[in-house]
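Mind looking at a prediction? Sequence and model below.
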Amino acid sequence: MATGGSEMPDHRKRNTFTSYVAPLPGDLRANADTNEWFVPSDLRNVHWAKPRLLSNEQVVAEAPAYMYSPIAPMESGDKQPDHKEATFGLLSVTNFKLAFVPLQPRSTLGLPAPSPLSDLYQENLYLGRNEVTLNNIDQIYTIAELGRTASALHAVRVAGSKRKKLEPTKQQSIQGRIAALHIICKNFRLLKFAFQQQDSKMSGSSDNGKRIASALVRFAYPTRHDLSFAYVYREPYYSTLGKPGGGVSMYASKNDWARELIRCGATEWQVVSASSVPLLQNKLHAGKYTLPPHFVIPKSCTVERFLDLSRAFCDSRAAFWVYSYGSSAASLVRLAELQPATQQDTKMENVTLELVRKCDEHKKIKVLQLTENLPSIQDVQRAYQKLRRLCTPETPEKFMLQDDKYLALLDKTNWLLYVSYCLKYANTAASTLRSGTTCVLQESNGRDLCCVISSLTQLLLDPHFRTIDGFQSLVQKEWVALEHPFQRRLAHVYGTPGGSDQLLDSEQSPVFLLFLDCVWQLLQQFPDEFEFSQTYLTSLWDACFMPIFDTFQFDTHAQRARAVSESKLVLRPVWDWGEQFSDKDKMFFSNPLYQRQRGDASQIQQQRRSLAVGHKLSTSGPASGVGSLSMSMNRYTINPQLFATQSTVPQDRFLVAADRIFDLAVWDQCYYRWLPVLDIRGGGQPQVDLFHRMLLSNIAKVQRCLDLQSFEELPDAYYEALGEQRPISKQLQHQDEEPEPELEYVDGVERRRKSLPSTAAAMATASTTNGLVSVTPQLSTLSSFFPFGSPIAGDAPHQLYDILSSSTELLLETSSIMDKSSIV
C-alpha cells in the first residue's frame with residue numbers, strides 16, 4: 001500500500017495479476033478491459049489436473065489454458081452462441097498426444113472414477129475425450145496478443161483474421177506473445193485454446209501459448225519415422241485376433257495368397273515370395289525392385305521373366321493379380337504405367353498384357369486407364385482441404401456465412417464428384433468381370449487409385465468382403481500387403497527442409513478416406529448387405545492416426561521389417577480392436593440392418609475348413625502323410641491346383657452402386673461430429689439404428705423364451721400389441737421391492753438376462769399397425785453423431801447397453817430369424 005500520502009505511479013496502477021483458475025461450468029465471467037477471471041476459491045491450483053500417461057509417455061510442455069467449443073450450439077432462433085463459455089484446465093503436450101484435462105473442484109478430487117455405464121460414448125482406451133494424437137495434427141495457427149491488456153477471450157473472437165500458420169518444414173522462431181491456438185486435425189476436428197497472459201515484465205513468467213506452440217511444432221511434425229511414439233511404447237502385445245487361418249487374413253504369408261486363389265478358383269496364377277527368389281536376395285540387384293514380399297503373377301510366366309518386365313514399370317508394379325470372379329475365373333489385375341524413359345516403347349507393356357490375357361479362359365481383356373479418367377492424388381488433396389475448411393469454421397460468423405451457401409461451397413470442393421467417379425469405375429470393373437472378361441486397372445504407380453477401384457469392385461461382387469472380417473482382410477490385401485504409401489499420403493513424416501526424406505506437399509493425399517467415403521455411400525444404398533456400421537468406418541479413419549498400431553504407418557513392407565529388426569518395433573495390427581475399445585464400444589461396429597443369407601452359415605463353415613486345411617498343411621510338413629505340398633518355392637506351402645478348380649464366390653449377390661452425385665450424401669458422422677451446432681438430439685441415423693436394435697432386442701428375448709419355454713421375459717411390446725397387461729410373477733407378489741436383475745456373462749461381458757419392468761417400459765412403446773409391431777424409442781437424448789457426440793448420462797446408458805447386448809447376440813447367430821427368406 002502507498003504511504004505518506006504519495007500517489008501510486010501510473011505503471012503500478014495497472015493490474016498485473018493473472019488468475020489461472022477456472023469457473024464452474026456455466027459460471028465463466030471475463031472482463032476484456034481488466035483481463036480478470038472470477039472463479040471459486042477451490043479451483044486455484046491448475047496442476048491438480050494431470051493427463052493419464054502411457055508407458056514411456058513423457059510430458060514435454062504444459063500450461064494452464066481455456067478450451068473453447070469450435071462452434072457452440074445455438075440457444076434459440078438466430079441467437080448467436082455465447083463466446084464466454086469455456087472450460088479451464090491443463091493443456092499438455094507429450095511425445096504421444098495433445099491432452100487437455102479440465103480442472104475439477106477440490107471436492108471431487110480423490111473420488112473413484114464413475115461407472116463405465118454412467119456415460120455412454122465411444123471411448124478410446126489410449127485417448128481421452130479431449131486428447132488427440134500428434135499424428136492427427138495437421139495445421140497449427142497462432143493468434144497473437146492484440147494489445148497490452150487484450151484478453152484471450154477477445155483473441156478468440158477476432159481469430160478469423162489474425163491467425164498465423166506455423167509451417168512444419170520451416171525452422172521458424174515464434175515471435176510475440178500468443179493469446180490463442182487453433183489446431184486443425186486430419187480427422188476434421190478443430191481445437192481452440194486460449195491463454196491468459198501476465199502484463200508485467202517484472203513477473204518473469206514465460207509465455208504459455210508460445211511454450212505449447214513450440215512443443216507442438218517440434219513433436220507433431222517428426223522428421224524421421226523412428227521419432228514416432230510407437231518406437232518407445234514398449235508394452236508387450238498379446239494378439240486376440242484368433243488362430244491363424246481364421247478371422248482376418250493378413251496376407252503376410254504365401255499361404256494367405258494361396259487360400260485366396262483357392263477361394264476364387266484362379267488356377268492360371270501362381271504365388272511368388274520375394275524371399276525365395278535368388279535375384280531379389282542379391283544386394284546388387286535387389287535395389288532395382290520395389291516389390292511386396294508376396295505377389296501373384298501369371299503361371300505361364302517365369303519369375304525371372306516377370307522381374308525383367310517389371311523394371312519397365314513404375315515401382316516395379318507389373319500385372320499383380322488380386323481377385324477372380326465367375327465360372328470362367330475372370331481376373332482383376334493391377335498394373336502400373338511404364339517408366340517415363342520407356343513410355344515411347346510399349347513392347348514391355350504389350351508383352352505383360354498378353355501374359356494376363358492367356359490367364360483368361362475366353363482370352364479377353366479390358367484395360368481401364370485410371371490416370372486419365374480419375375482425379376490425381378493432388379486433386380484428391382485439394383478437394384479434401386476444401387471440404388475440411390467447410391467443416392471447420394473458426395467463428396460462428398463464418399459458420400453462418402458458409403451455411404447460407406452451403407450447397408454451392410460443397411459443390412466447389414469436388415469431393416462428391418470424385419466419390420462419384422470412383423463408384424462409376426468400380427461399377428465398370430465389376431460389370432466387366434461379371435461378363436467373364438479380365439479387367440486390368442492401370443495407374444501411374446498402381447498403389448493409389450488402383451487400391452480404391454480394386455477394393456470397391458470386390459465389395460460390389462463378393463459378399464465375403466462385406467463382413468467385418470472380410471472387409472479387414474480386403475484392406476489388408478489391397479492397401480497394406482500391396483503397399484499403399486500411407487506414410488507419405490497421411491503425412492506421418494515431414495522430413496528436414498531440403499533433405500532427401502522431405503515430404504512434398506504433392507505427396508500428401510487422403511486416398512484412403514476417399515475409399516472409406518465410397519464404402520459409406522454403399523452402406524447407405526444397401527444397408528442390409530454390410531455387417532459393419534458407419535461407426536466402424538469412422539473409427540477406422542481415426543485409427544489411421546494412432547501410431548501405436550503399424551497397419552497405416554508405413555509405405556512398404558521393407559520399412560516395417562527394418563523398424564522391427566533395427567528399432568525393435570512391436571507390431572500391433574489395428575484390427576485387434578480390443579486393444580483400443582471395450583466390448584460396449586465394439587458393439588457399435590455391427591450393423592443392425594445386416595441380414596445374413598441362408599446358406600451363409602454352411603459357406604462360412606466350408607471356408608473355415610478350407611482355411612484349417614491350409615493351416616494344417618503349412619505347419620505339419622511331410623510327416624503328416626499329405627502329399628499335396630508345393631516344394632518349389634516354399635517347403636510347406638499350399639498348392640492351389642490340388643484343392644479347387646471352381647470359385648466358391650456366390651454369383652447372385654453382386655451390387656450395382658448408384659454413382660450419380662444426385663444419389664450421394666455427405667458423411668456427416670465423420671465430417672461434422674465435432675460441430676455441436678449441427679447435433680440433433682433424438683434424430684439422425686443413430687436413432688434409426690437404435691430403432692432396429694430395439695426390434696432385434698425384442699426378437700432375441702422372444703427367441704430365448706421359446707428356447708427355454710419360459711415366457712416371463714417376453715418384451716413389453718408383445719403384451720402391448722395384444723392389449724394385455726404383463727402378468728406379475730408370483731415370486732414378485734410376495735416381495736416389497738423389486739429384485740436386482742439376474743446377471744449373465746457372455747465372453748466376459750456383463751449382460752442383463754432379465755430386463756427390469758421399470759426400464760422395459762421406458763425402452764419401448766408398442767402399437768399395432770397392419771399386423772406389424774412398431775416400437776418408438778424413448779431415448780430422446782441420443783445424439784445424431786452417436787457414439788461420437790455428447791455423452792449420454794443417467795439411466796439411458798443402462799437401457800441402451802441392454803439393447804446393444806441383446807441385438808448383438810442375435811446378430812452373431814449363424815442362422816438368424818431375420819434373414820430375407822423369413823420376411824414375407
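Structure's in. What do you need? Every value quoted in this text rests on a predicted model; they were computed, and no experiment measured them.

alpha carbons only for contacts and neighbour counts from here, please
Noted.

isn't Ile178 right up against Ile143?
Yes. With contact defined as Cα atoms under 8 Å, Ile178 reaches Ile143; the gap is 5.8 Å.

Sheet partners, orientation included, of the strand ranked longest in the chain?
If you go by DSSP state E, the chain has its longest strand at strand 59-68. Using DSSP bridges, strand 59-68 pairs in its sheet with strand 87-94 (antiparallel), strand 190-194 (antiparallel).

In CSV: those strands, plus distance to Ala220 and mean pLDDT.
Below are the strands paired with strand 59-68 laid out as CSV (distance: least, Cα to Cα, whole Å; pLDDT from 0 to 100):
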stretch, distance to Ala220, mean pLDDT
strand 87-94, 9, 92
strand 190-194, 15, 94
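
Out of the ones you listed, which one sits most buried?
Ranked by mean neighbour count, the strands paired with strand 59-68 are led by strand 87-94 with a mean of 25 (mean count of other Cα atoms under 10 Å).

Low-confidence stretches in the stretch 701-824 of the chain?
Within the stretch 701-824 of the chain, the ranges that satisfy pLDDT under 70 run 728-781, 790-799, 806, 808-824.

returning to what we had before: please work out which residues outside the longest strand of the chain touch it.
Contact partners of strand 59-68, identified using Cα atoms under 8 Å, 6 or more residues apart in numbering, comprise 20, 46, 85-95, 100, 191-196, 208-209, 211-212, 215.

What residues sit buried inside it?
The neighbour-count check on strand 59-68 (16 or more other Cα atoms under 10 Å) flags Val59, Ala61, Glu62, Ala63, Pro64, Ala65, Tyr66, Met67, Tyr68 as buried.

likewise stretch 350-369?
For stretch 350-369, by 16+ other Cα under 10 Å, it's 352-353, 355-361, 364-366, 368-369.

so of the residues you listed, which ones are in helices?
Per DSSP state H, helices hold the following members of these: Thr352, Leu353, Leu355, Val356, Arg357, Lys358.

Just give me the neighbour total for the nearest residue to the third one once chain neighbours are set aside.
Setting aside the residues directly before and after it, Leu355 is nearest to Pro298 in space (Cα to Cα, 6 or more residues apart in numbering), at 6.5 Å. For Pro298, the count of nearby residues is 22 (other Cα atoms under 10 Å).

next one: Lys398
Count around Lys398 with other Cα under 10 Å applied: 14.

Likewise for Leu441?
Neighbour number of Leu441 under other Cα under 10 Å is 25.

next one: Arg234
15.

Trp674 touches Leu190, doesn't it?
Yes. Using Cα under 8 Å, Trp674 is in contact with Leu190, at 7.3 Å.

Mutual contacts of the two, please.
Shared contacts of Trp674 and Leu190, counting by Cα under 8 Å, 6+ apart, come down to Pro70.

What lies in contact with stretch 123-140?
Here stretch 123-140 has contacts from 54, 95-101, 165-167, 181-187, 213, 216, 219-221, 492, 545-547, 579-582, 585, using Cα under 8 Å, 6+ apart.

Apply 7 Å and report the result again.
96-100, 165-166, 182-187, 220, 492, 545-546, 580-581 (Cα atoms under 7 Å, 6 or more residues apart in numbering).

Now do the buried residues in it.
123, 126-127, 131-140.

how about TSV for these, with secondary structure added?
Listed next are the buried residues of stretch 123-140 as TSV, based on DSSP: H, G, I helix; E, B strand; the rest coil:
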residue	secondary structure
Glu123	coil
Tyr126	coil
Leu127	coil
Glu131	strand
Val132	strand
Thr133	strand
Leu134	helix
Asn135	helix
Asn136	helix
Ile137	strand
Asp138	strand
Gln139	strand
Ile140	strand
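
Pick the one among these closest to Ala700.
Glu123 (26.9 Å; Cα to Cα).

and Tyr536, what element?
helix 534-543 (DSSP states H and E).

Can you name the element that comes right after that helix?
helix 557-567.

Would you indicate which residues of that next one are buried?
His557, Arg560, Ala563.

for stretch 715-726, same thing?
For stretch 715-726, a neighbour-count test (16+ other Cα under 10 Å) marks Pro715, Asp716, Ala717, Tyr718, Glu720, Ala721 as buried.

Select, from those residues, the two members most distant in space.
Spatially, the most separated pair among the buried residues of stretch 715-726 is Pro715 and Ala721, at 10.4 Å (Cα to Cα).
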